[in-house]
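J.: okay, sequence plus prediction incoming.
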Amino acid sequence: MKRTILAVATLMFSAAVTSAQQLCPCVPLSHEWVVETCDTWNCAASAAIVANGDPNVLTMPASTADGRWLVIKRVTSGSYIAPADAPFVVESFEGADGATARFAAMPDHAPTLLSTPDGKFLVIMLKNSSPKRRAAAKP
């Protein structure tokens, strides 16, 4: 009799633990893409080396003529605060149609369009429009 009661109690306790594990109060983490600038290739290469092959860290030259490099990272939302004076911004899109429309709408912001390992499409561009080159006046 005692064994039966012990077996029933053990069964009820294990069922309670199993159901408690199924009701996890965990919050799923979301991610976002951010961009940082590097003035030299050495800075960008260092960021790639520190990433140690992480597919969520990309380096590429900026689409400006000043020699800057971009380091694009996928971070957990809320864990990264972009500097207020950051020259580039990144916008993330679920599909290519929205990304290409945004890319085409911002030609004076030196945009770059790329796809990422998580299936997103990114448009990286200058916050402020790049200065337009003017033709030199003839003397």
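T.: Okay, I see it. Numbering: from 1, shown residues only.
J.: so what's the residue positioned nearest the centre of the chain up against?
T.: By Cα atoms, centre = their mean, the mean C-alpha position of the chain lies nearest to Trp33, the distance being 1.5 Å. Applying Cβ atoms under 8 Å, 6 or more residues apart in numbering to Trp33 gives the contacts Ile72, Lys73, Arg74, Val75, Val90, Ser92, Thr116, Lys120, Leu122. Using the backbone N, CA and C atoms, a C-beta is placed for each residue, glycine as well.
J.: list just the nearest of those residues to Ala104.
T.: When the contacts of Trp33 are ranked by distance to Ala104 (Cβ to Cβ), Leu122 comes first, at 14.9 Å.
J.: can you tell me the helix or strand for the closest one?
T.: If you go by DSSP states H and E, Leu122 is part of strand 121-126.
J.: what lines up beside that strand in the sheet?
T.: strand 88-93 (antiparallel), strand 112-115 (antiparallel) (DSSP bridges).
J.: go through the first one and flag the buried ones.
T.: Applying a neighbour-count criterion of 16 or more other Cβ atoms under 10 Å, the buried positions in strand 88-93 are Phe88, Val90, Glu91, Ser92, Phe93.
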